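Asks: sequence plus the predicted model coming up.
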Amino acid sequence: MGSGMSARSYRELIVWQKAMELVVEVYDLTKLLPKEELYALTNQIRRAVVSIPSNIAEGNARHTSAEYVRFLAIARGSKSEVETQLEICVRLNYISPEQVQTAMGLCSEVGRMLNSIIKKLTPPLNP
């Protein structure tokens with residue numbers, strides 16, 4: 001990184017690890033969905049959840065803060081998509097609110113970490 005900032009700060013590494021935990025959790029949950037949802041909701045939610053750590057990792061490899069922030073913002077969008085899709089699964093009675101608690105908690109945690117990193121990397125606007 002040209003700005004002298006470390007690409008692999010502790011916080012960033014933790015957000016990637018948490019996002020990976022979320023992937024495993026969501027994959028386990030999607031195994032509970034009806035087989036007829038395999039090509040619809042199951043595939044969509046899996047793609048969205050895999051996008052989170054993938055974009056964190058890809059952004060981490062970029063050379064500028066602006067590029068990094070763009071990938072972190074994509075990861076944040078995918079996180080919101082996963083939350084929405086989990087809520088849909090609950091509303092369709094495919095999985096219970098209790099079953100999605102861990103995944104929703106990880107989503108919140110990952111979201112907070114992403115917001116924190118994005119805030120740190122985004123230059124403040126002139127007052």
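Replies: Thanks, I have the structure now.

Asks: tell me the mean pLDDT for stretch 82-93?
Replies: For stretch 82-93, mean pLDDT is 97.

Asks: cool, stretch 45-59 as well?
Replies: 95.

Asks: buried stuff in it?
Replies: 45-46, 48-56, 58-59 (16 or more other C-beta atoms under 10 Å). Every residue, glycine included, has its C-beta placed from N, CA and C.

Asks: return the member of those nearest to residue 114.
Replies: Distance to residue 114, by C-beta to C-beta, is smallest for residue 56 among those, at 7.8 Å.

Asks: export the strand or helix carrying that closest one as CSV, just CAs?
Replies: Element membership of residue 56, judged by DSSP states H and E, is helix 43-60. The C-alpha trace of helix 43-60 is given here as CSV (Å, rounded to 0.1, in the frame of the first residue of the first chain):
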residue,chain,number,x,y,z
ASN,A,43,-28.2,-20.4,-4.7
GLN,A,44,-28.9,-16.7,-4.3
ILE,A,45,-28.2,-16.6,-0.6
ARG,A,46,-25.1,-18.7,-1.0
ARG,A,47,-23.8,-16.4,-3.8
ALA,A,48,-24.4,-13.3,-1.6
VAL,A,49,-22.8,-14.7,1.5
VAL,A,50,-19.7,-15.9,-0.5
SER,A,51,-19.4,-12.4,-1.9
ILE,A,52,-18.8,-10.9,1.5
PRO,A,53,-15.3,-12.4,2.4
SER,A,54,-14.4,-12.5,-1.3
ASN,A,55,-14.8,-8.7,-1.6
ILE,A,56,-13.1,-8.1,1.7
ALA,A,57,-10.1,-10.1,0.4
GLU,A,58,-10.1,-8.6,-3.1
GLY,A,59,-10.4,-5.0,-1.7
ASN,A,60,-7.5,-5.8,0.7
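
Asks: quick one: that helix to chain centroid distance?
Replies: 6 Å (C-alpha atoms, centre = their mean, to the nearest Å).

Asks: and if you look at stretch 24-40?
Replies: 17 Å.

Asks: which residues are in contact with that stretch?
Replies: 41-42, 45-46, 49, 82, 86, 89, 94-95, 99-100, 102-103, 106 (C-beta atoms under 8 Å, 6 or more residues apart in numbering).
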